[in-house]
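S.K.: Predicted model and sequence below, questions to follow.
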Amino acid sequence: MHAPTTSHLDALTHTLRYVNHTAGQGILLKAIEQLTLQAFCDSDWVACPTTRRSVTGYILLLGNSPISWKSKKQSTISRSSSEAEYRAMSQAASEVTWIVRLLEELGIHDLQPVHFHCDNQSALHIAKNPIFHEGTKHIEIDCHFTRDKVLEGLIHLSYLRTSNQLADIFTKILLGLQHRVLSSKL
């Protein structure tokens, strides 16, 4: 960085304090009898004040251990929070498909259906409904990947209250307590 400012120093100080206080935390893969794969998916609609693009966040848990996660600004502008969530679901469903195939190659079978958690009722309805409606016509075909995976039986969609949404940690600025609660579940 060629011209750092005091705001950059403040951000660095904040990050270093966070790292110092969380040095003892890590990912632990525990042995359990019945392996299950779960996906938690969320978005923050128009999160970026400059581009008005939403942020996708998801995390996949094998048993109770995180094995894949992502937080990324969406490539297109969504017209509604439901569309932003549905786009996030599509990205997470793609990752679920890849992880299931990888685990099958490694000899781990019987993970289907994957329990897929989302906190947006409208996005769940779009994904579960096999009929395309005029209101969802503008959503690109690749976003309907989630619907295909539901119909194939690869994933089972379920509603999850926002307060229990693990993927919130990837999409929103959380207050200290909520951040600690969610990060302790990872």
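M.R.: Thanks, I have the structure now.
S.K.: and the gap between the most centrally placed residue in the chain and Ser184?
M.R.: Nearest to the mean C-alpha position of the chain, by C-alpha atoms, centre = their mean, lies Tyr58 at 1.4 Å. Tyr58 sits 19 Å away from Ser184, taking C-beta to C-beta, to the nearest Å as the criterion. C-beta here means a position set from N, CA and C on the backbone, and glycine is covered the same way.
S.K.: residues in contact with the residue nearest to the centre of the chain?
M.R.: Contact analysis of Tyr58 by C-beta atoms under 8 Å, 6 or more residues apart in numbering lists 39-42, 69-70, 88, 91-92, 95, 167, 170.
S.K.: Could I get the pLDDT score of it?
M.R.: On the pLDDT scale, Tyr58 is placed at 95.
S.K.: Likewise for Glu134?
M.R.: pLDDT recorded at Glu134 is 51.
S.K.: Which helix or strand lies directly C-terminal to the lengthiest helix in the chain?
M.R.: Longest helix in the chain, counting residues (DSSP state H): helix 81-105. Per DSSP states H and E, the first helix or strand lying C-terminal to helix 81-105 is strand 114-118.
S.K.: who does that following strand touch, helix- and strand-wise?
M.R.: Judged by 3 or more C-beta pairs under 8 Å, 6 or more residues apart in numbering; DSSP states H and E, strand 114-118 is in contact with strand 37-44, helix 81-105, strand 155-159.
S.K.: how about a cut-off of 10 Å?
M.R.: strand 37-44, strand 55-62, helix 81-105, helix 121-128, helix 145-152, strand 155-159 (3 or more C-beta pairs under 10 Å, 6 or more residues apart in numbering; DSSP states H and E).
S.K.: ok, Arg180 to Phe170 distance?
M.R.: Distance, Arg180 to Phe170, using C-beta to C-beta: 15 Å.
S.K.: So between those two, which is more surrounded?
M.R.: Taking other C-beta atoms under 10 Å, Arg180 and Phe170 do not tie; Phe170 has more neighbours (23 against 12).
S.K.: In stretch 172-186, which residues are buried?
M.R.: In terms of neighbour count (16 or more other C-beta atoms under 10 Å), stretch 172-186 has its buried residues at 172, 182, 186.
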